[in-house]
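Asks: Next comes the sequence, and after it the predicted model I'd like to discuss.
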Amino acid sequence: MSPANPTQSVDAGSINRDELDLLEFVQPHAEWFISEDGRLPLEVNRTEFDFSVAHGRLIFSCRTQRGARAWRITHWSRSGEKLVLQVSRRMGAEVATIELVPRASAKALVATIAAARQARCEVLAQIVAESFENHPAVKIERATLSPGMRRDQPGRYARIILRLSHERIAVTGTVAQSDPRNVDSLFSSALLWFARLQTAPKRPPINRLLIVVDSNILDAARQRHVLLRDSLRQRIELMKIDDEWQTVELTAAWERKYLWRKRLTRFPRPLETPSIDQLREILAIAPHAIDVVASRHGQTLRYHGLPFARVRRVMERDRIWFGIEGSRRRLLDDYHQRDWWKLLQDLQTYRHESCRDRRHWFYRAAGEAWLESILRRDISKLDPGLIVAPLYAQFRTSHGGPTGARPIDLLALRYDGRLAVIELKVSEDREHVFQGVDYWRRVEAHRRRGHISSAKLFGDREISDESPLVYLVAPTLRFHPSFATLAKTIAPDIEIYRFDINEDWRRGVRVVRRERVNVAYTRLVDENAKH
């Protein structure tokens with residue numbers, strides 16, 4: 001490998017050489033940190049990621065506690081001991097930048113990242129301060145970073161307080177890479193910080209929050225902002241910063257009605273799973289554990305939610321490839337029968353509610369998908385008022401794109417005709433509330449246009465002329481500590497329910513508690529505001 005740091009473009013002529021160079025580069029270190037698009041780095045061992053060539057493409061595959069993924073490498077470069085990969089997946093619908101750093105070098109890298117983000121924070125503070133042309137005496141009282149997800153990690157957001165003559169204003173914005181997929185995290189972080197500032201005794205109090213966003217996430221930010229309760233939304237403004245980070249300007253807030261007028265992408269028709277003899281034979285092996293999820297390009301077989309095989313139609317013939325994502329896929333034929341049965345045996349041993357080795361990756365991986373697969377078989381365990389079938393798992397309101405409209409965990413219909421948007425978590429996730437509300441927005445937009453009824457998603461059943469319910473589900477000890485605070489920031493006409501389920505849900509789901517989370521407190525605040 002060249003000692004210089006040019007970006008290497010991957011093409012057919014160099015692909016095998018690229019593979020050898022990458023393997024040689026990572027071989028000396030046993031422990032690494034991996035980061036995707038500047039997010040919190042994850043620790044991985046050398047055995048948990050690999051580089052390989054398949055179908056004329058250079059593939060990077062990795063298994064972490066977030067699951068297994070495989071990416072196509074389009075470009076790569078090295079900077080010192082850091083490896084930077086430009087990657088894509090899902091036929092180019094998702095693109096990302098992945099960085100690999102040896103554990104030994106991680107501390108110095110974190111310090112460098114923290115310094116760069118702090119400098120960017122101070123620049124942002126100065127730009128926003130200068131935008132108050134009518135307040136020449138504005139001062140920057142504070143310009144620091146938000147806490148990182150861990151103590152040894154730098155924060156992603158600026159925490160700025162401006163002091164004017166008669167008021168103090170809070171300002172926040174992303175100082176790491178800006179991405180529409182991170183808007184829920186930005187709003188969650190900003191609202192929690194704003195709530196803490198309002199309880200601080202220092203005077204004058206802070207009653208305004210400015211959220212600074214890049215142009216590429218402005219629409220996504222507006223979509224969250226318009227769904228906040230009125231008394232809060234009136235104190236929060238969005239500012240757009242130009243691409244060169246030279247100027248900022250206040251942006252007009254959306255009204256709720258604009259969401260329903262906005263042009264929508266074409267609503268996808270429900271996908272059907274064809275009846276294939278070989279598919280039926282596989283399902284018969286473990287009918288309690290194996291299910292099939294349809295996609296535009298075929299079907300995916302999952303074992304308690306973990307994808308392990310895919311059916312694709314090639315040359316007018318259905319073929320099955322098997323292998324856990326992140327590992328090499330093999331064609332299910334006579335030559336690979338031994339590998340096929342070994343995979344099934346491992347799944348039956350380790351992806352089981354009574355598995356003794358609970359540290360095994362098969363047991364820990366894709367927990368939310370496991371919970372989803374249980375509820376998918378009988379959604380009435382969650383709410384007896386829900387119709388058992390049809391029920392849509394990983395439902396997409398559009399075909400996605402580079403910014404990736406995330407699929408809804410479960411879309412169901414109640415017997416009274418109301419839709420239910422169901423978002424599942426099995427570990428603490430601060431973005432739980434805003435993810436569920438964003439799914440509500442998308443489903444409600446299509447419901448108002450009549451798309452769900454015309455698509456016959458639920459057959460001839462009538463869809464109620466009421467907005468969907470939002471069901472946020474997690475084991476009772478796995479709701480994030482900030483869940484209640486964030487739930488109360490949402491407008492009360494969006495009905496959000498919290499479902500606490502049993503901690504040992506793999507053995508069977510039981511609802512421990514159910515409650516409406518964004519009504520009583522909101523009414524109290526709004527009534528006090530009137531007085």
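Replies: That came through fine.

Asks: tell me what the longest helix along the chain is packed against?
Replies: Identified as the longest helix of the chain according to DSSP state H is helix 103-130. The criterion is 3 or more CB pairs under 8 Å, 6 or more residues apart in numbering; DSSP states H and E, and the helices and strands that helix 103-130 contacts are strand 31-36, strand 139-147, strand 154-163, strand 168-174, strand 206-214, strand 236-241. The C-beta positions use only the backbone N, C-alpha and C, and glycine is treated the same way.

Asks: With just CA atoms, put the longest one into CSV.
Replies: Once side chains and other backbone atoms are set aside, the C-alpha atoms of strand 154-163 remain, and they are given as CSV (Å, rounded to 0.1, in the frame of the first residue of the first chain):
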residue,chain,number,x,y,z
PRO,A,154,-17.3,14.1,22.3
GLY,A,155,-20.8,15.5,21.9
ARG,A,156,-22.4,16.1,18.5
TYR,A,157,-24.4,19.3,19.3
ALA,A,158,-23.5,22.8,20.2
ARG,A,159,-24.7,24.2,23.5
ILE,A,160,-24.7,28.0,23.2
ILE,A,161,-26.3,30.7,25.4
LEU,A,162,-26.5,34.2,24.2
ARG,A,163,-26.9,37.2,26.6
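
Asks: picking that back up, which of the residues in the longest helix of the chain are buried?
Replies: Neighbour counts over helix 103-130 (16 or more other CB atoms under 10 Å) mark 106, 109-110, 113-114, 117-118, 120-122, 124-125, 127-129 as buried.

Asks: do stretch 41-49 as well
Replies: 41, 44, 48, 49.

Asks: The closest residue to the last one other than its chain neighbours and residue 365, how far apart?
Replies: Meaning residue 49. Distances taken as CB to CB, 6 or more residues apart in numbering put residue 62 closest to residue 49, at 3.9 Å, once the chain neighbours are dropped. For residue 62, the distance to residue 365 (CB to CB, to the nearest Å) stands at 12 Å.

Asks: Give me the common contacts of these two.
Replies: Contact with both residue 62 and residue 365 is made by residues residue 68, according to CB atoms under 8 Å, 6 or more residues apart in numbering.

Asks: got the contact list for residue 139?
Replies: With CB under 8 Å, 6+ apart, residue 139 has these contacts: 129, 162, 163.

Asks: would JSON lines of those residues with distance to residue 434 be doable?
Replies: Putting the contacts of residue 139 into JSON lines (distance: CB to CB, whole Å) gives the following:
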{"residue": "129", "distance to residue 434": "29"}
{"residue": "162", "distance to residue 434": "26"}
{"residue": "163", "distance to residue 434": "30"}
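
Asks: Go through those and say which is closest to residue 448.
Replies: residue 162 (39.7 Å; CB to CB).

Asks: can I assume the closest one is in contact with residue 129?
Replies: Yes. When contacts are counted by CB atoms under 8 Å, residue 162 is listed as touching residue 129 (5.9 Å).

Asks: Where does pLDDT dip in the stretch 251-400 of the chain?
Replies: 266, 268-275, 296, 326-327, 398-400 (pLDDT under 70).

Asks: For it, which segments are assigned as helices?
Replies: For the stretch 251-400 of the chain, the helices defined by DSSP state H, counting those that start in this stretch occupy 256-261, 277-285, 337-350, 361-364, 367-377.

Asks: Compare those helices and give me the one nearest residue 94.
Replies: Checking the helices of the stretch 251-400 of the chain against residue 94 by CB to CB gives helix 367-377 as the closest, at 17.8 Å.

Asks: Which elements pack onto that closest one?
Replies: Against helix 367-377 (3+ CB pairs under 8 Å, 6+ apart) you get strand 290-295, strand 392-395, strand 408-413, strand 419-424.

Asks: Report the set of residues contacting both of residue 162 and residue 129.
Replies: Joint contacts of residue 162 and residue 129 (CB under 8 Å, 6+ apart) are 138, 139, 140.

Asks: residues contacting residue 7?
Replies: 75, 76, 77, 86.

Asks: one more time with 6 Å, if that's ok
Replies: Residues near residue 7 by CB atoms under 6 Å, 6 or more residues apart in numbering: 75, 77.

Asks: what number of residues lie near residue 187?
Replies: Here the number of neighbours of residue 187 (other CB atoms under 10 Å) works out to 26.

Asks: That one in helix, strand or coil?
Replies: Following DSSP: H, G, I helix; E, B strand; the rest coil, we place residue 187 in the helix state.

Asks: what helix or strand does the closest residue to it other than its chain neighbours sit in?
Replies: Leaving aside its chain neighbours, residue 187 sits nearest to residue 224 (4.9 Å; criterion: CB to CB, 6+ apart). Residue 224 is part of helix 218-225 when elements are defined by DSSP states H and E.

Asks: ok so, going back, now the angle from the longest helix of the chain to strand 31-36?
Replies: Per axes from the mean of the first three to the mean of the last three CA atoms, to 10 degrees, the angle that helix 103-130 makes with strand 31-36 is 30 degrees.

Asks: quick one: contacts of the helix holding residue 224?
Replies: Contacts for helix 218-225 (CB under 6 Å, 6+ apart): 180, 183, 187, 213, 238, 240, 254.

Asks: What's the local residue count around the second one?
Replies: This points to residue 183. Residues near residue 183, counting by other CB under 10 Å: 25.

Asks: And it, how close does it get to residue 57?
Replies: Residue 183 is 31 Å from residue 57, by CB to CB.

Asks: Next up, the contacts around residue 511.
Replies: Contacts of residue 511 (CB under 6 Å, 6+ apart): 499, 501.

Asks: Next one, pLDDT for it please.
Replies: Predicted confidence (pLDDT) for residue 511: 96.

Asks: And it, how close does it get to residue 218?
Replies: Counting by CB to CB, the gap from residue 511 to residue 218 is 39 Å.
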